[in-house]
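>>> here's my sequence, what's the structure:
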Amino acid sequence: MCDTFATISTAGALFAKNSDRSPTEPQVVEWHPARAAASSLATQYLEIPDAPTHGVVLSRPTWLFGAEHGLNEHGLAIGNERVYSRRDLSGPAALIGMDLVRLTLERARDADEGLDVLTTLLERHGQGGSCDPDHDDPYDSSFLLCDLRGGWVIETSGREWAAEPITERAAISNRYTIGARWTRASIALTPGTSVDEWHEPTVDTRLADHRLAATTAYTLGDPDPATAVATLRHHGTIPWGAPGRHDMAIAPPTVLGDDLAGVTVCMHIPGFQSTTASMVCELPLDGGPLRAWACLGSPCVGVYVPFFVPVVPEFLADVEHWQRSTELRDRVDTDPDALAAVRTVLDPVELELWDEADALVESAADAWHRFAETCDARIDRALTDLGV
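The predicted structure is shown next:
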């Protein structure tokens, strides 16, 4: 389960996503430079024809070829969500949603081209194969594609798809959302058909509804990267934890509740799923640098580390750093009152990094490299102070 949202304005776009997966599954953030095409490409389960790529930042579970979310050098950002389709999912292995995120980021320059790339791959190769390293768990995906000027929400069932354009805002989660509002679709979908018909009726949509309410509220407000972080830290009451805002830490819920309100944007379901990585991307129209803020592990116990594309701090690709963050998550899951002490140590470091990065927006790339090199030691000291 995941949550993805984006806003479009006269200044550009903001994109954000929490990736919710197995609590023990590491996820890292990596820069992959552009490369020429080889004769073929091995995805998670299929070998397909290769193509030249753009440089991409990928947030990738370490056992997967594909990515949960990411950003390319041209300012295209993509995130995917599990959707509960009623079709038979027992077919042969094909592409999975994370393959499609990576392949589209690598092959498309903007959201319109991304729609064409993603849906062509989907129709040609289909969806299939387990998306979990420990269980046979295939599923279909929805996608939010966003560039500097707009984007698309794409919802799928197997090789079928429908897409709704984004002009101002969008939020997606683990359910179908666009109904009959689509403007482009696969050939089998007749005008007026609602994609809600693809939903598996035995799956309660409230798994996603509470989180969609929180992320949609962000898109209707006065969005900026800091308030995006506060939304990604949402524990089911109000947003909190925006860098520099000095909010009181709000502990995660301890019960799911009959209405499933305990399934929150910053997810804590011990032994089942947790938020394992998170990212905010700023895509400016004024020619400024592409910026991102990435968090390894759960947002509530992590630091959103700023960087300028393509200068990604190397420690974001360090599995050990991810594991240290999950130790803090486990501590808070056992004792929710511990969250306040964690934030007391991490908040000053996070704000310091944000302020320094803000001062470097107009600097040359060598300053971005120097900044990236200093992040590791400061976060390492904070984690050491917290005993992990």
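>>> so L260 lies in a strand, does it not?
No: according to DSSP: H, G, I helix; E, B strand; the rest coil, L260 belongs to no strand; its state is coil.
>>> which ones are touching it?
L260 sits next to 204, 206-207, 210 when contact means C-beta atoms under 8 Å, 6 or more residues apart in numbering. Every C-beta, even on glycine, is put in place using the N, C-alpha and C of the backbone.
>>> how about R60: which residues does it bridge to?
Here R60 sits in beta bridges with V28, going by DSSP bridges.
>>> need the pLDDT of it.
pLDDT, R60: 97.
>>> same question for T183.
Looking at T183, its pLDDT stands at 97.
>>> could you do G91 as well?
G91 is assigned 85 on the pLDDT scale.
>>> of the contacts of L260, which is the most crowded?
Counting neighbours by other C-beta atoms under 10 Å, H210 leads those with 19 neighbours.
>>> which elements pack onto the biggest strand by length in the chain?
As assigned by DSSP state E, the longest strand anywhere in the chain is strand 273-284. Helices and strands touching strand 273-284, by 3 or more C-beta pairs under 8 Å, 6 or more residues apart in numbering; DSSP states H and E, are strand 12-21, strand 27-32, strand 56-61, strand 69-72, helix 225-232, strand 291-296, helix 319-334.
>>> give the pairing partners of the shortest one; include direction for each.
Using DSSP bridges, strand 69-72 pairs in its sheet with strand 56-61 (antiparallel), strand 77-83 (antiparallel).
>>> could you identify which of the ones you listed is most buried?
Greatest average neighbour count among those goes to strand 77-83 (a mean of 29), per mean count of other C-beta atoms under 10 Å.
>>> how far off centre is whichever helix or strand comes after that one?
Using DSSP states H and E, the next helix or strand after strand 77-83 towards the C-terminus is helix 97-107. Centre-to-centre, helix 97-107 and its host chain are 13 Å apart (C-alpha atoms, centre = their mean, to the nearest Å).
>>> do stretch 235-243 as well
Its chain's C-alpha centre and that of stretch 235-243 lie 18 Å apart, by C-alpha atoms, centre = their mean.
>>> let's have the chain start at 756 instead
With 756 as the first residue, the last one maps to stretch 990-998.
>>> now do the helices in the stretch 906-1055 of the chain.
Remark: helices assigned in the stretch 906-1055 of the chain by DSSP state H, counting those that start in this stretch are 961-975, 980-987.
>>> give me the helices and strands touching the first one, please.
Put plainly, it is helix 961-975. Using 3+ C-beta pairs under 8 Å, 6+ apart, helix 961-975 is in contact with strand 757-764, strand 924-927, helix 980-987.
>>> can I get the strands paired with strand 824-827 in JSON lines including distance to L1106?
As requested, those are exported to JSON lines (distance: least, C-beta to C-beta, whole Å):
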{"stretch": "strand 811-816", "distance to L1106": "23"}
{"stretch": "strand 832-838", "distance to L1106": "24"}
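>>> and of the ones you listed, who's closest to M1022?
Judged by C-beta to C-beta, the one of these that comes nearest to M1022 is strand 832-838, at 12.6 Å.
>>> how far does that closest one sit from the chain's center?
Distance, stretch centre to chain centre, for strand 832-838: 7 Å (C-alpha atoms, centre = their mean).
>>> lovely, talk soon.
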